[in-house]
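In: Below are the sequence and a predicted model; questions follow.
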Amino acid sequence: MSPALAPVTAPRRHPRHAPAPAPASRPSHLRLVEPAPRTRPTVVRKAKVNRRAALLIGAGVLFAVLFAVAVLQTQNVAGQMHLDRVQQEISDRQAEAQALRLQAAELAAPERIVSEAQRLGMVAPAGGPTFVSQVPATTAPAGADPTATATGQVAAPEAEVSLDETAAGPVDEVLAP
């Protein structure tokens, strides 16, 4: 065997302190166990896993928040579109109501009513139009005649009048001065 390949033994180390003699009272089934050495890669790996988990959780929370904002914004836009449609419908209805009020005012104009009556063949009565004034209803003092008014006039009791009577004229003759 060549000297380069010859087995070499390492020098034996001597402990700095001499091991203490085992106490005689120690039970024989117990023995001293030294703690396992801590290795750095295990600790670093756990830190990486925790950072990754935190990053994944943070990204998930960020995605959820952004998604919720997008959904709420969509709801907001849809609600605004509905409000715009309702506002437009309100303005259309208001314009239509204004046009109908104008048409009603034109149809109720006295000149139009007279011309329409003449077109239908109606004529004014010989004595001119007859106006009927209404007697204001007042409260009578206690003990007074309930049909008497404040001016001393007696109000006629209410009676049913048919359309034939009013068109025929007897009612006008009674009420005419």
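Out: Cool, the structure landed.
In: In this protein, what helix or strand scores lowest on average pLDDT?
Out: helix 163-168 (a mean of 47; mean pLDDT, DSSP states H and E).
In: Glu130: neighbour count?
Out: One correction, residue 130 is Thr, not Glu. 13 (other Cβ atoms under 10 Å). To be clear about C-beta, it is placed using only N, CA and C from the backbone, and glycine gets the same treatment.
In: By residue count, what's the longest helix in this structure?
Out: In terms of residue count, the longest helix belonging to the chain (DSSP state H) is helix 40-107.
In: And the contacts of the next helix or strand after it?
Out: Sequence-wise, the next helix or strand beyond helix 40-107 is helix 110-119, with elements assigned using DSSP states H and E. Identification of contacts with helix 110-119 by Cβ atoms under 8 Å, 6 or more residues apart in numbering yields Glu106.
In: quick one: average confidence on helix 110-119?
Out: Helix 110-119 shows a mean pLDDT of 90.
In: Could I get the buried residue list for it?
Out: Using 16 or more other Cβ atoms under 10 Å as the burial criterion, none of the residues of helix 110-119 qualify.
In: Alpha carbons of that helix, in PDB - could you do that?
Out: Output of helix 110-119 as PDB, limited to C-alpha atoms (Å, rounded to 0.1, in the frame of the first residue of the first chain):
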ATOM      1  CA  PRO A 110    -116.300  81.500 -24.300                       C
ATOM      2  CA  GLU A 111    -115.700  82.400 -28.000                       C
ATOM      3  CA  ARG A 112    -115.100  78.800 -28.900                       C
ATOM      4  CA  ILE A 113    -118.200  77.600 -27.000                       C
ATOM      5  CA  VAL A 114    -120.400  80.200 -28.800                       C
ATOM      6  CA  SER A 115    -119.000  79.400 -32.200                       C
ATOM      7  CA  GLU A 116    -119.500  75.600 -31.500                       C
ATOM      8  CA  ALA A 117    -123.000  76.200 -30.300                       C
ATOM      9  CA  GLN A 118    -123.800  78.200 -33.500                       C
ATOM     10  CA  ARG A 119    -122.300  75.500 -35.600                       C
END
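In: I appreciate the help and will end here.
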